[in-house]
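In: Structure of the sequence below:
(chains A and B)
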Amino acid sequence: MIDLIFAQTLNGLASASSLFLVACGLSIIFGVTRIVNFAHGSFYMLGAYLAFTLVSRFGPADALGFWGGVLLAAVIVAALGALVEIVILRRIYQAPELFQLLATFGLVLMVQDIALGIWGPEDKLGPRAPGFKSFVVLMGSRFPSYELFLIVVGPIMLGLLWFLFQKTRWGTLVRAATQDREMVGALGVNQRLLFTSVFAFGAGLAALGGALQLPREAVNLHMDLSMISEAFVVVVVGGLGSVTGAYLAAVLIGIIHAFGILIFPKITLVLVFLVMAVVLVIKPYGLMGKRPVGSAHAHGPVEPLLLPASHNVKLIGLAALAVLLLAPFVVADHWLLTLTELSIFALFAASLHFMMGPGGMASFGHAAYFGLGAYGAALAVKWLGMPMVPALAFAPFLAGIAGVIFGWFCVRLSGVYLAMLTLAFAQIAWATAFQWVDVTGGDNGILGVWPAAWAAPKLVYYYLALAVCVVAILALRIIVFAPFGYALRAGRDSPLRSEAIGLPVMRIQWIAFIIAAVAAGIAGALFAFFKGSVFPTYMAIPRSVDGLLMVLLGGVQTVSGPIVGAFAFMGLQEQLMKATMYWRFVMGASIVLLVILFPRGLVGTALAFAERRREAEPAAPVTATPEPAR
Amino acid sequence: MSPVLEVRNLGKSFGGVRAVDDVSFSVEAGKLLALIGPNGAGKTTCFNMLNGQLPSDRGEVIFDGRKITGLKPREVWRLGVGRTFQITATFASMSVRENVQMALISHAGETWTLFGRAKDRHVAEADALLKQVGMLDQAERACGVLAYGDLKRVELAVAIANKPKLLLMDEPTAGMAPRERIALMALTAEIARERGIAVLFTEHDMDVVFAHSDAILVLDRGKLIAKGRAEEVRNDPAVRAVYLGSGATSGGH
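Out: Okay, the predicted model is just below:
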């Protein structure tokens, strides 16, 4: 027993090292640039692929060839990181945090296809490291010596980083910028150089982490997203911006992984995220993190007024609805499926917008409620024998209950921490669906979730879905302009003032969270009957990101934005998938371009344009008032 | 007449520092009471304990005959205490009128209403308040683009929307031009007298303090060292020592 515990501990420590390198880079980048870099997993993956190519070229048997290849891979990726920072990120530091996230996710898509194009879809098996090919016998069990090497790498890197940050001028600047960027700028430090170098350094660390994995596991195209979600967990558990925290958290997560497989093989996937949720509830800013200085709205433009639809916008809306109603008589049959899906995703995006826009609570895991709605419908059909209509009515309750429980924890946090916690809860929901095979069918999903006979024809189901979605979206819209929606926005704009005029901010946010979950659940239930089956992928990270993309494309500050965003995103994706095998690359590039060109989203930009035209016409007397001194 | 606010032996320590030490005073309806003292004297700490933003270590706060120590800010507000902040806190994405409407909606207990436009509620009442603070002509503008002095006026309108018996103003004129300061405090004094609101405010500008307060409290290093009318306080040797310097204290204005 003891030797097993010992072996698993060593295993955990070995896997912690790469995780630490990746998370540490992510943490430093966030600390200085305030960018949540989704593409960090991609740098990790690129590091592994480049190391594979370079090591093969230089000769894997030769020590210099192997280690040279690994280090060179890290250096190349660091240079790539610098390029990305200069070409893309530098243009969007002023944009809201979430747009930066969107741009980095565009990068993820681009890198995925670049890797696919260069290295192909097959897994690449790397060579063993020269000098670390044998086993070491420790307490009676054989242990690969490379694992021991990795265990040592972690603390050594921690020491080197400590030295770098405490003893060098550059490190001191990084620490200073992490605490107060503006002050560092005011003291005459070249911020551009600092930001570029920090981003390159972080990217290089991630690539080193990936390259060091080469002898341990096969390089594949899914490394990026699986690593990024774990790295997020590590960074958040450790505390954003804290290197020591990242190491502690990486060790904690590594060990939990290693022992989880032994003790709770059924819930290993849940376990990591459960730990994260527990840590965040007890220490909201992570093990070694500090409460961030300043508010979440510290940068980015001032939120514009939220105005009810003008006459013209109402007309456009009605016209769009008329087009949707009449479309079945004009377009080909297969378009009905696309339109049904579009309606459902418009509701999904609108529900996410409800909590992100007026609520100011960005969710990285909104797919959980969509998926729970879908599973609610499927479980009601399969286990309760319900027909379609009661199942449709029952499903949102499952999503709503999850909203009640998850929301209660989430509203205690704010900003990036809240977003990370929503991601953790979504992963728990996903893992439950994935691993609780007896009830959910696991990876095989639940099949045979078909609509009632009367709703089975494509046309009827389209109108049913459209009707439900339009009603739900309008309901959300009405709530936004009702006193409750105002109170929600008040809590986002100024929690201090809200509490001082009697508004219970947390409770309001909690209710909004639940409303958003129920609305997403309705969309999910419709989707289940539409597809006739449900799978765990309905609540996986990519679906949550899809939702984020729709909302951000449309524009967070507008109420009609998410609907436009949903149509734009789904339309673009569908056309691209038809047009090219490398649709991800085109999609990612379009997202990056959109963010650079329209940092307020599509509808937001249109509104700003209309605003400028309106202000240009009459010279309003109030324009002479000076700008606020804040 | 019994006082609107009565503070008894209030105390708060941060680590070993007694930020507020055994402070007692009371405020009467329709009167303006100024709380002054050099930087770090404990004014803001004292203030934040009054409306529940900061828990106190010792002592009690009685408002309108009721003990409010330990209540949350929103509960204190419900009882009838308005508040403005040193750095204005308003809702940037709402218009000036909507800011006031939000306070009126909360006061009317309509926060949880899910339908019906918030914009159409309490319009007349909101406009009356805005007229009183001279912001009616800017009612449609977004709070996020207002000049700072105007923002202070909006905050005042929001703070008196629930018809409070007591108004707490933390440095109401900080960051304003000298002429605007006197105007704002004159407006506050007028509103307080008209509506019978008791006002407690902290202030650094002595012109404002001497022109617009009925009584003055002087705080130094957490202790109340003087209280009385402007003339009495002005001639108090302890106050003079703190402000003009006896070598023991630094800072102040």
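
In: What strand or helix carries residue 20?
Out: In the absence of a named chain, this looks at chain A. helix A:2-33 (DSSP states H and E).

In: that answer is for a different chain, and I need it for chain B
Out: strand B:17-27.

In: Which neighbours in the sheet does that strand have, and how are they oriented?
Out: strand B:5-14 (antiparallel) (DSSP bridges).

In: Outside of the partner strand itself, list whatever touches it.
Out: Residues outside strand B:5-14 that contact it (CB atoms under 8 Å, 6 or more residues apart in numbering or on different chains): B:18-27, B:42, B:45-46, B:49-50, B:54, B:56-63, B:166, B:198, B:200. The C-beta positions use only the backbone N, C-alpha and C, and glycine is treated the same way.

In: list the buried ones in the following helix or strand past the helix holding A:F20?
Out: With elements assigned by DSSP H and E, the helix or strand that comes after helix A:2-33 is helix A:40-58. Residues of helix A:40-58 classed as buried: A:40-52, A:54-55, A:58 (neighbour count, 16 or more other CB atoms under 10 Å in any protein chain shown).

In: Now do helix A:40-58 against helix A:2-33, angle only.
Out: Angle, helix A:40-58 to helix A:2-33, by axes from the mean of the first three to the mean of the last three CA atoms, to 10 degrees: 110 degrees.

In: and after helix A:40-58, which helix or strand comes next?
Out: helix A:63-87.

In: Tell me the buried residues in that next one?
Out: So for helix A:63-87, counting by 16+ other CB under 10 Å, buried means A:65-67, A:69-74, A:76-78, A:80-82, A:84-85.

In: Output the contacting helices and strands for that helix.
Out: Packing partners of helix A:63-87 (3 or more CB pairs under 8 Å, 6 or more residues apart in numbering or on different chains; DSSP states H and E): helix A:40-58, helix A:191-212.

In: Quick check: which of the ones you listed is nearest to A:I563?
Out: Judged by CB to CB, the one of the helices and strands packed on helix A:63-87 that comes nearest to A:I563 is helix A:40-58, at 30.2 Å.

In: buried stuff in stretch A:377-390?
Out: Result for stretch A:377-390 [16+ other CB under 10 Å]: buried residues A:377-382, A:386, A:388.

In: ok, back up a step: which one of the buried residues of helix A:40-58 is nearest B:I182?
Out: Once CB to CB is applied, the member of the buried residues of helix A:40-58 that ends up nearest B:I182 is A:H40, at 55.4 Å.

In: follow-up on the earlier one: got the angle between the helix holding A:F20 and helix A:63-87?
Out: Angle, helix A:2-33 to helix A:63-87, by the same axes, to 10 degrees: 40 degrees.

In: Which residue is the nearest non-sequential neighbour of the residue nearest to the spatial centre of chain B?
Out: By CA atoms, centre = their mean, chain B has its centre lying nearest to B:M169, at 1.5 Å. Among residues not flanking B:M169 along the chain, B:F201 sits closest, at 4.0 Å (CB to CB, 6 or more residues apart in numbering or on different chains).

In: okay, that neighbour: pLDDT?
Out: We have a pLDDT of 93 for B:F201.

In: and it, which of the three is it?
Out: Here B:F201 is strand, with the state taken from DSSP: H, G, I helix; E, B strand; the rest coil.

In: Show the contacting residues for B:S26.
Out: B:3, B:5-7.

In: A:M288 now?
Out: A:M288 neighbours (CB under 8 Å, 6+ apart): A:238-239, A:242, A:244-245, A:248.

In: On the pLDDT front, check the nearest residue to it once chain neighbours are set aside for me.
Out: Leaving aside its chain neighbours, A:M288 sits nearest to A:G245 (3.1 Å; criterion: CB to CB, 6+ apart). Looking at A:G245, its pLDDT reads 90.

In: Also B:G245?
Out: In this prediction B:G245 is given a pLDDT of 65.

In: how about stretch B:81-101: buried residues?
Out: B:81-85, B:88-101.

In: Check stretch A:176-186 too.
Out: Buried residues in stretch A:176-186 (16+ other CB under 10 Å): A:176-178, A:181, A:184.

In: hang on, the earlier thing: closest one of the buried residues of stretch A:377-390 to chain B?
Out: Nearest to chain B out of these is A:A377 (CB to the nearest CB; 24.9 Å).

In: Mean pLDDT per helix and strand in chain B: which one sits at the bottom?
Out: helix B:237-244 (a mean of 82; mean pLDDT, DSSP states H and E).

In: helices or strands up against that helix?
Out: Using 3+ CB pairs under 8 Å, 6+ apart, helix B:237-244 sits against strand B:215-220, strand B:223-228.

In: quick one: buried residues of that helix?
Out: The neighbour-count check on helix B:237-244 (16+ other CB under 10 Å) flags B:239, B:242-243 as buried.

In: swap in stretch A:433-449?
Out: A:433-435, A:440-441, A:445-446, A:449.

In: Please produce CSV containing these, extended by distance to A:I522.
Out: Below are these laid out as CSV (distance: CB to CB, whole Å):
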residue, distance to A:I522
A:A433, 19
A:F434, 23
A:Q435, 26
A:T440, 20
A:G441, 23
A:G445, 20
A:I446, 18
A:V449, 15
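
In: Can you lay out those as a markdown table showing distance to B:R234, secondary structure and pLDDT?
Out: Shown next, in a markdown table, are the buried residues of stretch A:433-449 (distance: CB to CB, whole Å; DSSP: H, G, I helix; E, B strand; the rest coil; pLDDT from 0 to 100):
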| residue | distance to B:R234 | secondary structure | pLDDT |
| --- | --- | --- | --- |
| A:A433 | 74 | helix | 91 |
| A:F434 | 75 | helix | 87 |
| A:Q435 | 76 | helix | 84 |
| A:T440 | 78 | helix | 89 |
| A:G441 | 83 | coil | 88 |
| A:G445 | 81 | coil | 91 |
| A:I446 | 81 | strand | 93 |
| A:V449 | 82 | coil | 90 |
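
In: tell me the two of the residues you listed that are most distant?
Out: Most distant of those, by CB to CB, are A:Q435 and A:V449, 20.6 Å apart.

In: A:L71 and chain B, how far apart?
Out: Per CB to the nearest CB, to the nearest Å, A:L71 is found 48 Å from chain B.
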